[in-house]
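In: Got a predicted model here, sequence first, then my questions.
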Amino acid sequence: MSLFPTLISAALVAASVLLATSCSEKISVTEYQSLGEKYKVVIERDIRGVPHVIGERDVDAAFGFAYAQAEDNWELVYDTIDFYRGSAAKTQGPDSAVTDFLVKWLGIWDDIDTHYETELSPEIRAYIEAYADGLNYYAALNPERAVAELPITGKDIIAGYMFRHILFYGFDGVLKEVMSSARRQPISTDNGVTYDNLPIGSNASAISPANSTDGATRLAINSHQPATGPVAWYEAHIQSGEGLNAMGGLFPGSATIGVGFNENIAWGATVNKPDLVDVYVLDIDPEDPLRYRMDGEWQDLEATVLEIEVKLFGFLPWTANELGLRSAHGPVLQTDHGTYAIRYAGMGKMRQVEQWLAMNKAQNLEQWRDALRIHSFASFNFVYADSDSNIMFVHNSLTPVRVGGYDWTQYLPGDDSSLIWQDYMPFDKLPQVINPESGWIHSANQSPFFITEQGSNPKSSDYRREDGFPTRMTNRAVRGLEMFTELSPISEQEFSQIKHDKKYSPNSRAVKFLKGAIDLSLTETGNEFYLEAQTVIRDWDLSTDVENRGAALSTCVIGAEWLAEQKGEPTPDVADVFYLCADRVLAATGRIDPLWGDVNRHVRGDINLPVGGGPDTLRAIYALGMEEDGYQTNIAGDGLYYFVSWDAQGLQKIRGVHQFGAATLDTESPHYADQAEDYVGEILHDPLFDSELRKDNISRRYRPGE
């Protein structure tokens, strides 16, 4: 059996945290040094270092957008190009060979090469290729830093969008399961069950004038991501003379804004994890391992030799040949316990940039919905608000139209072609609500049937079990729903209070697990320390503010259950977790009840600040490292976030803050950590989206290359 498939899931995990290293090798770039003359664009760096890119045309803006990103995120943008090409091992060595195999095995480049010219309009291709030119131009001016072979193309950018997205909805988890030492799921028959997928990360909330005390429409954009790395939020503004004028957060290497706003609309995204990956068990011919049974007849597996070029010892080239297999279902894996085909939502979809661009340009609800109807995103919930007082939620997904009667969370028989789904549920049929009677929406990775007040939610009875919509409720969902119900109608201050809330709901899964520690039977003899620890948990007020003395121990216990859920593992034994956490907190801090602010820290360079919030609270802070330093460091959760509103007269107001600052990687920049203190203090500022407000707050105005 090949070595490469056994490591595929590890490759996906590595891909999600990839931070490629630069190379000092010189390359020939002369022909790209004149690209700056082709585009008319300026970059305005505001007083916080955030780039505002202004082009005459969309393509001009795209060119400057890429150049600005390269300035701030060189390693996170440019050096990942080989990774998306499936050729990283050629420049970065054998550790990247497995991810190269994965890109080729999925057939991403087969789809791009076949459909790039036909699936994407000339206008979209021009936009993407102008973005690629911005990277080429920066590389031409900085040849000592270039690793990937020039030119970077529009196809490279599309490959990045196609590959990154599958990491968000659980594709890696399915591959880990398939590649385990034994078969993990039975082959389904005609018995359906409910689904229990766990969404992770992000909040977005909206209120309309029907539920605001002052007649305003408000949106909180609060998507949770790692604090650093290739999928940490980067803030930017892109504008053109052709209707593009959007600002917000994106991942370095993205040609459009991911979450954000323009003059008339705003939107936030939250991760959803419906059942979007199906595994089929193939019946292999005992006389020929490259044949499988389909509808009573033997079919040939499509076999392709995948060449993986590897650089050994820093200089020696070597090529490994691996066999890539596909069936009518999709890519195929051969293991010791069977041969499996994988079919996943979004296979071959490459219109993501087109959809994001249409969303960035939309000016009202109908234009926004038309953009979503492009339907190229496999997942993501969206919460929307606009200057016309509309609010909207949609559980967006490429939900397969599956044959009824099977448990699609199990493996499927691979010999029945009727189980190979071809279509997706139309966008307008997905769970969604527009202007609910309640006047509010709260999305925090929960079931799409519990996102507002009872009576205003989408109806679960309108959907089938086979659709695979998630049923889990996070603490952030439960707590937020409780607060909206209790506080309505909502003032501006209360809206901020909900977003920054640091408590766990007594009705949450987290607290129910924690009660198991309180109920442990402990004798007084020899257990004085653990009895004290139990008292700390029992007396805890469920808050994670910096002055709290119960949060360190209690969130340690809660975090173990949360982490097991994220990994798809069984719920841990609460007694084991309790004893481990009590010992851990004492060893790290010298006491069982340290101040949460002494333990929970926001660290950037020489800055080390106490920060309130915790795992799965609305003020989401996920941290690691208590054992080494006596404190733990914020590594994920709340990052760049905004409040966007329109008052009763239609006047827009925007406030936001970044977890660190605009200089993603440059430790010498004044903007490397200039927002960190405001972040922990929950102090938001105007992002200077409006040109009149920005004109007196510009630190530098220049053309790319100047």
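Out: Received, thanks.
In: how about the helices in the stretch 351-500 of the chain?
Out: For the stretch 351-500 of the chain, the helices defined by DSSP state H, counting those that start in this stretch occupy 352-361, 365-372, 475-487, 492-499.
In: Can I get those helices in CSV including distance to Val585?
Out: Glycine gets a C-beta too; all of them are placed from N, C-alpha and C. Output for the helices of the stretch 351-500 of the chain, formatted as CSV (distance: least, C-beta to C-beta, whole Å):
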stretch, distance to Val585
helix 352-361, 44
helix 365-372, 46
helix 475-487, 21
helix 492-499, 28
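In: Looking at those helices, spot the one closest to His52.
Out: Comparison of the helices of the stretch 351-500 of the chain against His52 by C-beta to C-beta identifies helix 352-361 as nearest, at 14.4 Å.
In: Return the closest one as PDB; C-alpha atoms alone will do.
Out: Output of helix 352-361 as PDB, limited to C-alpha atoms (Å, rounded to 0.1, in the frame of the first residue of the first chain):
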ATOM      1  CA  GLN A 352     -15.700  31.400  -5.300                       C
ATOM      2  CA  VAL A 353     -14.000  34.600  -6.400                       C
ATOM      3  CA  GLU A 354     -16.900  35.500  -8.600                       C
ATOM      4  CA  GLN A 355     -19.400  35.100  -5.700                       C
ATOM      5  CA  TRP A 356     -17.200  36.900  -3.100                       C
ATOM      6  CA  LEU A 357     -16.800  39.800  -5.600                       C
ATOM      7  CA  ALA A 358     -20.600  39.900  -6.200                       C
ATOM      8  CA  MET A 359     -21.200  40.000  -2.500                       C
ATOM      9  CA  ASN A 360     -18.600  42.800  -2.000                       C
ATOM     10  CA  LYS A 361     -20.400  44.800  -4.700                       C
END
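In: Which other helices and strands does that helix contact?
Out: Applying 3 or more C-beta pairs under 8 Å, 6 or more residues apart in numbering; DSSP states H and E, we find helix 352-361 packed against helix 122-141, helix 154-166, helix 365-372.
In: Put together TSV for those helices, with mean neighbour count and mean pLDDT on each row.
Out: Conversion of the helices and strands packed on helix 352-361 to TSV gives the following (neighbours: other C-beta atoms under 10 Å; pLDDT from 0 to 100):
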stretch	mean neighbour count	mean pLDDT
helix 122-141	23	96
helix 154-166	23	91
helix 365-372	18	98
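In: mind giving me TSV with those helices and columns for distance to Gln239?
Out: Output for these, formatted as TSV (distance: least, C-beta to C-beta, whole Å):
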stretch	distance to Gln239
helix 122-141	14
helix 154-166	20
helix 365-372	18
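In: Near Arg184, how many other residues are there?
Out: Under the neighbour criterion other C-beta atoms under 10 Å, Arg184 is assigned a count of 15.
In: Nearest to Gly468, out of the helices of the stretch 351-500 of the chain?
Out: Judged by C-beta to C-beta, the one of the helices of the stretch 351-500 of the chain that comes nearest to Gly468 is helix 475-487, at 18.6 Å.
In: that older thread, out of the helices of the stretch 351-500 of the chain, which is closest to Ile308?
Out: Within the helices of the stretch 351-500 of the chain, the stretch nearest Ile308 is helix 352-361; the backing value is 26.3 Å (C-beta to C-beta).
In: Any figure for the gap between the nearest residue to Ala362 once chain neighbours are set aside and Arg85?
Out: What sits nearest to Ala362 in space, not counting adjacent residues and going by C-beta to C-beta, 6 or more residues apart in numbering, is Trp368, at 4.2 Å. Using C-beta to C-beta, to the nearest Å, one obtains 33 Å as the distance from Trp368 to Arg85.
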